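Visitor: mind looking at a prediction? Sequence and model below.
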Amino acid sequence: MTNSIEDIEKADVILAAGTNTTEAHPVIATRIHKAITRHGAKLIVVDPRKTEIASKAHIWLRPYPGTNVAVFNGLLNVIIAEGLTDDEFISQRTENFEAVAEAVAPYTPEEVERISGIPAEDLIAAARLYGKAKRGIILYAMGVTQHSTGTDGVFAIANLAMATGNIGREGTGVSPLRGQNNVQGACDMGALPNFLPGYQKVSDPAVREKFAKAWGVPSLPDKDGLKLGEIMAAAYEGKVRALYVMGENLMLSEPYIAHAEACLKKLDFLVVQDLFLTETAQLADVVLPAVSFAEKDGTFTNTERRVCRVRRAVSPRGKAKPDWEIIVALAAKMGYEMNYDGPASIMEEISRLTPSYGGITYDRLEKQGLQWPCPDRDHPGTKRLHAERFSRGRGLFTPVTYKKPAELPDEQYPFYLVTGRILYHYHTGTMSRRVKGLNAIAPCGLLEINPADASKLGIQDGEVVRVSSRRGSITPAVRITDRVAPGVVFISFHYREVAANALTNAVYDPIAGIPEFKVSAVKIEKL
Amino acid sequence: MRFVSLTIDGRQVEVAEGTTVLEAARKLGIEIPTLCYDNDLSIAGACRLCIVEVEGNNKNLPASCALPVAEGMVVHTNSPKVREARKIILELLLANHPLDCLTCEANGRCKLQQYCYEYGVKESRFSGERRHFAIDDNHPFIERDLEKCILCGKCVRVCQEVQGVGAIDYSGRGFDTKVATFMDRSLADSPCVSCGQCIYMCPVGALTAKPSKGKGRDFEVTKVVTTCGYCGVGCQLALNVKDDKIVGVTNVPDSHNQGYLCVKGRFGYEFVDDPERLTTPLIKENGKFREASWEEALDLVAQKFNEIRAKYGPDALAGVSSARVTNEENYLFQKFFRAVIGTNNVDHCARL
Ligand code: SF4
Ligand code: SF4
Ligand code: SF4
């Protein structure tokens, strides 16, 4: 997030796009609720599903899946046409606005209605509301990013915020809501093929030299590595031969599971480190038992860039060890000594090498978390990015155009399939499916289908059906609901018995490498 | 903003206009007892325990939670008159409250118990008919024993005002008033989303976290403040630990999540002690796993990694890190791949 969670309550207009906040980020949803009920904020929701926040919204825009970019461009089109841009901000703080103005010119409300199905007058009303906001904040999540055009969607959102000057001030900002507890931290720490910690580029010789020196090695590899999807493909082709998976269940979380399985099976050697013998661990040659967050010390970085302590509450179960201890032991076996007293001393090394974490130490985190950038020990942390200037100087407008999703419904596979999360489970269910009460409330994965479609197919609520895509098929029970529009079905990806990703399409956003989980084509058959 | 100065228990304080006497007193570190007040909820003025004496007002003792400060006001929060009135309020509550303290889950954190102790209320001068309600224990996480409810309304307000759910509300009148779901169904059959906010708000033992029942009262557990391991909000919470087991989760009020949690953070810890946890390294032989020592397992991994690197080069190895492990672990994982293996083939599931 460019801003902080507390800014949600300070906004007068909240634009929430592709985020089922109530279920995926419940405590942030309480802020939205308070913003509306206590401070009179207005809420605009962009979502193909009628989620709880869509029901609460003052304006709900329901696009066809995969048409976000057209919608965001359309909003900006209206904002420009009606003179609602913040011209001072544009001229003093940004560049390349003209190119974007030109790019959005074709996205008139009528054209956007044709592409997305959103009535022109609703789009205009939403554009006016956000365009006139004194403090407008945009929240978005996987509904924007999990598309083959996800990066374009993010650019389009940034364009909207910059054009209206809704950045860097209280109650404004662009807020990607991070799904998993430490996605932010994993990125910050350089668990990325092209970045060392703190987004320092692998391709920069000075950066490599700094790290090589600190780590006591002659040099570091200079070529960008493979992204996850590419690693899987390279495994299939025999280019990647050994894979070390720490705490991920690729067999449920990767798109097109049959393909993911084929890739993993081609490996010469697979090591999986996890709490449980997950679907992925079952394919491994060696399984290393790790511990949960409750059995170790460390830090997580949340969606508002806040680094918070994780504290050991109970002792490791059995012979399981914290992941960091396992890595240290393995490195030693390979002839490389990592000498750390514990997580606090690892953080000391991180802060020495990572400017944005420069002032982050365990003693400072004792009382409360710190938001990076926090360059030195006296720095209080940063609530809002881009307050005075953008990190690159001027904010860069990036023109984007709408492109269709890779796979659209057709005669053979007539439904859009959207996947996502539900409140009661988490990710591949490795943890939450082992909590009795959560399973009691949400025991099985249900396929949401619109009443009109259900009656056309002659399906009853609770009936088990076959859902198939070109890549696989599953047999979930259905839940008949108007949360989904006619022609659209939804299922969560938490359940291995009805693994949504057996169906999804392994196509990726070319820049971010995100799979297109939010749009694939399926058919539904009665059993 | 205009400031107002007043005197509370003989001490002068200056606060912003519109502040309540209760908040002004807290600013001075003077604790006024409350049962129905919470600084993130609307003012109910229901329990009246926060009454104070204001000089010049001989008519009544106003509730300080709803009393705005005024210039020159002189307030006594703990005068004999105030204490006697509070005692009566407590006795009235006690007259209709089961004295189950010995086995009550709230023993040790119950505010009614605490204030009765402070005000020396042993038994009630008032006796009469008691309310009788069946316990609602159909909900997987929350047990409701409304006979213990003192009708402070905090659960109703938090559910409505913070959670935005409104699963519960007052129903009935007078003596029969109670907190109920729509049509008085079980909480399990209401729109409740199991956030447990109401449990935490409840000043007495009317609402209990079922998974924690019988596993240790407030004073028996160690509270370890940590960060939720589920979603990216990263809520701060306190794991309540007894005998090396997690027995519950309580709030951390001074946090970016304002103490609030969702069902996963509050109740999703059972997996830690799931019998299926991996407790030893495993090595696959002839398609089957067998248990191995750390020494043996790590030797095998190191040997295989070395072999494959020697034969095909470092880029034939790759690592998938995790958005669920700590920063320190992610850091070491990428360091391992870059410095030890010599490849940048390291990524994680950020995108999923
Ligand atoms: S658990 Fe949450 S949703 Fe359920 S009644 Fe309590 S406050 Fe309301
Ligand atoms: S259940 Fe607890 S919180 Fe709710 S009104 Fe009764 S005493 Fe208050
Ligand atoms: S308590 Fe709920 S909202 Fe908070 S971090 Fe955990 S999963 Fe997310």
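Guide: Yes, it's here. Ligands and ions are numbered 1, 2, ... in the order given.
Visitor: ok, what's across the strand from the spatially most central residue of chain B?
Guide: In chain B, the residue lying closest to the centroid (Cα atoms, centre = their mean) is B:Asn251, at 3.2 Å. Beta-bridge pairing for B:Asn251 (DSSP bridges): B:Leu237.
Visitor: quick one, what contacts it?
Guide: B:200, B:237-238, B:259-261 (Cβ atoms under 8 Å, 6 or more residues apart in numbering or on different chains). Where C-beta positions appear, they are placed from N, C-alpha and C, glycine not excepted.
Visitor: dump those residues into TSV; add pLDDT as well.
Guide: Supplementary listing: those in TSV, determined by pLDDT from 0 to 100:
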residue	pLDDT
B:Tyr200	94
B:Leu237	96
B:Ala238	96
B:Gly259	93
B:Tyr260	95
B:Leu261	95
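Visitor: among those residues, which one lies nearest to B:Ser194?
Guide: B:Leu261 (10.3 Å; Cβ to Cβ).
Visitor: so the closest one: helix, strand or coil?
Guide: coil (DSSP: H, G, I helix; E, B strand; the rest coil).
Visitor: that one reaches B:Val249, doesn't it?
Guide: Yes. Under the criterion of Cβ atoms under 8 Å, B:Leu261 makes contact with B:Val249 at 7.0 Å.
Visitor: okay, the two: which has more neighbours?
Guide: B:Leu261 (28 against 25; other Cβ atoms under 10 Å in any protein chain shown).
Visitor: so who does the more buried one touch?
Guide: A:27, B:195-197, B:228, B:235, B:237, B:249, B:251.
Visitor: circling back to that earlier point, of all the contacts of B:Asn251, which two lie farthest apart?
Guide: B:Ala238 and B:Tyr260 (13.3 Å).
Visitor: which of the contacts of B:Leu261 are close to ligand 3?
Guide: A:27, B:228, B:235 (Cβ under 6 Å from any ligand atom).
Visitor: nearest to ligand 1, of those residues?
Guide: Among those, A:Val27 lies closest to ligand 1 (Cβ to the nearest ligand atom), at 11.8 Å.
Visitor: ok, back up a step: got any residues that touch both of B:Leu261 and B:Val249?
Guide: Joint contacts of B:Leu261 and B:Val249 (Cβ under 8 Å, 6+ apart) are B:Leu237.
Visitor: for A:Arg306, grab phi and psi.
Guide: phi -90, psi 120 (degrees, to the nearest 10).
Visitor: now the one 10 residues further on
Guide: Reported as degrees, to the nearest 10, the phi and psi values for A:Pro316 are phi -60, psi 140.
Visitor: just to revisit the earlier point, neighbour-wise, give me the winner out of the ones next to ligand 3 among the contacts of B:Leu261.
Guide: Busiest of these [other Cβ under 10 Å] is B:Cys235, holding 29 neighbours.
Visitor: and the closest residue to A:Ser315 other than its chain neighbours, how many residues sit next to it?
Guide: Counting by Cβ to Cβ, 6 or more residues apart in numbering or on different chains, A:Ser315 lies nearest to B:Asp244, which is 5.7 Å off, once chain neighbours are set aside. By the criterion of other Cβ under 10 Å, B:Asp244 has 11 neighbours.
Visitor: per-residue pLDDT, B:Asp244?
Guide: pLDDT for B:Asp244: 95.
Visitor: go ahead and confirm it touches A:Arg317.
Guide: No. Taking contacts as Cβ under 8 Å, B:Asp244 lies outside contact range of A:Arg317: 9.7 Å.
Visitor: where's B:Cys349 relative to ligand 3, distance?
Guide: 17 Å (Cβ to the nearest ligand atom, to the nearest Å).
Visitor: what's the answer for B:Ala95, then?
Guide: Taken as Cβ to the nearest ligand atom, the span from B:Ala95 to ligand 3 is 39 Å.
Visitor: what's the spatially most central residue of chain A in contact with, if anything?
Guide: Nearest to the mean C-alpha position of chain A, by Cα atoms, centre = their mean, lies A:Met142 at 4.7 Å. Contacts of A:Met142 were listed using Cβ under 8 Å, 6+ apart, and they are A:18-19, A:24, A:179, A:420, A:517-518.
Visitor: for chain A, which residue gets nearest to ligand 2?
Guide: Counting by Cβ to the nearest ligand atom, chain A gets nearest ligand 2 through A:Thr30, at 17.6 Å.
Visitor: pLDDT value on that residue, please?
Guide: 93.
Visitor: that one: neighbouring residues, count only.
Guide: 29.
Visitor: so which helix or strand takes in it?
Guide: helix A:26-39 (DSSP states H and E).
Visitor: say whether chain B is contacted by that helix.
Guide: Yes. Counting by Cβ under 8 Å from any Cβ of the partner chain, chain B is contacted by helix A:26-39 at A:26-30, A:33-34, A:37-38.
Visitor: got the residues of the stretch 51-200 of chain B near chain A?
Guide: Counting by Cβ under 8 Å from any Cβ, the residues of the stretch 51-200 of chain B that sit close to chain A are B:140-141, B:161-164, B:193-195.
Visitor: can you tell me which of those lies closest to ligand 3?
Guide: B:Cys195 (8.3 Å).
Visitor: hmm, A:Glu295 and A:Pro322 touching each other?
Guide: Yes. Between A:Pro322 and A:Glu295 there is a contact at 7.1 Å, judged by Cβ under 8 Å.
Visitor: comparing the two, which residue is more hemmed in?
Guide: Comparing A:Pro322 with A:Glu295 by other Cβ under 10 Å, the one with more neighbours is A:Pro322, at 24 against 20.
Visitor: could you find the closest non-adjacent residue to the more buried one?
Guide: A:Lys296 (3.9 Å).
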